[in-house]
Structures are given as structure tokens and as C-alpha cells.
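Student: model the structure of this input:
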Amino acid sequence: MPLRFDAADAHWRVTPLPALSACQKDWLTRGGSLTAHLRMLGRVEVRVTREAVDMPWLDEYAALGLAPRERAWVREIVLAVDGVPFVAAHSVTPFIASRGVWQAMRRLRTRPLAELLYSDSGVARSALVSRRVGARHPLYRLAAREVVGEPAAARFLARRSVFERAGAPLLVTECMLPALWSRLASGPLAHETGVHLGRERGPLDHTASRAHQAPR
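Tutor: From the prediction side, this is the model:
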């Protein structure tokens, strides 16, 4: 059954930008749990930076099917590997869903959201979409404050998708930080992060990488 919600718009695209490296395209399109992929690189820690009732970002309303000024529940975290921030994530669901279908999201604390998403056969996932994020987007500020010991990038690479359960959407946006790309380029596990064409197993089984598909 097709999902009601779509994470794509004029800026978020299913196929990554052609100018990106094969490694970047791969990590922007990998299916399954990003936390699980990061565990290949080291010990993963979830640090919660904000949980609150708030307004979604302007480019999130349509993806969530929300009316203008409708409230939502927002959870923001950092995924750190061996103590270094690698990903800044922003998850949002309609306020009413945070009291119903997605109420477990409010009780996660420092557990990863993946515990809710990949253990429930009733959860479906939209296509992953990605884009470069500049200083005008609120996600940029979320990511820039986690860049330690070096200047923030002019733009960050990010991806997002909508998870749907019982007709209720949960939009998850993940912004890759420079330390992740540096680790992949220099670490001993870099050879394992090439284009990953296998398939994830479980309730959200789908192609793990769209890195070589034609732009559209």
C-alpha cells in the first residue's frame, strides 16, 4: 500500500547530486538504521539536545500533511561515534500523533529512534531524499553548533524520509557532519563504506543504496 506522505520537494531529491562522491551518495541513500551503520565505525552514543512542542520547519509541513501553524512534537539529537559528533538529527511528528500512534517517541530518552522504527512490521518508510543545506535552513544551525575544532562547512549534506504507522507520519532528518566524512576517508573501515547494494532485512526492507541510479 503506498504511503500518504512524501519527503521530497523542490529541494529534497531522491537521487543525490551528481557532483557528490560515491561514498557520500552511498551514505545519503542507505536503507535501514543509520545508527546501525554508524556502529561499524565505533561506539555510538545518543545525546538528546532538545525535545519540545514546536512548529515544524517550513519545508516540513507538506511532508507531514499539516496545516499552517499546526503544532508538532520535535526531538533533536546528536549521534556521536567514540565521543565525536557525526550526525545531527531532527525528528518531528504531529502533536496529536505524539500523544497517540507515536507516543513512544516521547519516552525514548537516550535510546535511538531506530528501536521504534525497525522492530514494528506496521511501520512503512518513504524513499530517502537528500540535499545540501546552507546557512538559511534551520538544520544548518543545528549542525554547525556540533562542529568542534574546525570551521563549520559552508553547506552540510542531509537526508530525510517519512515513516508512517497507522496513517500517522514521523519525519526524520539526518545531517551528516564533517567528522563523519573525515572518518570514512581515513579510517581502517573506509573500505566497507563503498557503494552498498545489498538489501536491508526486516519490516522496512528495501534497496539500501540508490547511489548509481539516474537523476530525476
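
Student: please make it C-alpha for all contacts and neighbour counts, starting now.
Tutor: Fine.

Student: now do the SS call for Tyr140.
Tutor: Put simply, Tyr140 is helix when judged by DSSP: H, G, I helix; E, B strand; the rest coil.

Student: wait, isn't it in contact with Arg155?
Tutor: Yes: shown here, Tyr140 and Arg155 form a contact pair, counting by CA atoms under 8 Å, at 7.4 Å.

Student: what residues are shared contacts of these two?
Tutor: Residues touching both Tyr140 and Arg155 (CA atoms under 8 Å, 6 or more residues apart in numbering): Val133, Gly134.

Student: and the two? Which one has more around it.
Tutor: Under the criterion of other CA atoms under 10 Å, the comparison of Tyr140 against Arg155 puts Tyr140 first, with 22 against 17.

Student: which residues does the more buried one contact?
Tutor: Per CA under 8 Å, 6+ apart, neighbours of Tyr140: Val133, Gly134, Arg155, Phe156.

Student: try it again with 10 Å
Tutor: Going by CA atoms under 10 Å, 6 or more residues apart in numbering, Tyr140 touches Ala88, Arg132, Val133, Gly134, Ala152, Ala153, Ala154, Arg155, Phe156, Leu157, Ala158, Cys175.

Student: what subset of these is buried?
Tutor: Buried members of the contacts of Tyr140, scored by 16 or more other CA atoms under 10 Å, are Ala88, Arg132, Val133, Ala152, Ala153, Arg155, Phe156, Leu157, Ala158, Cys175.
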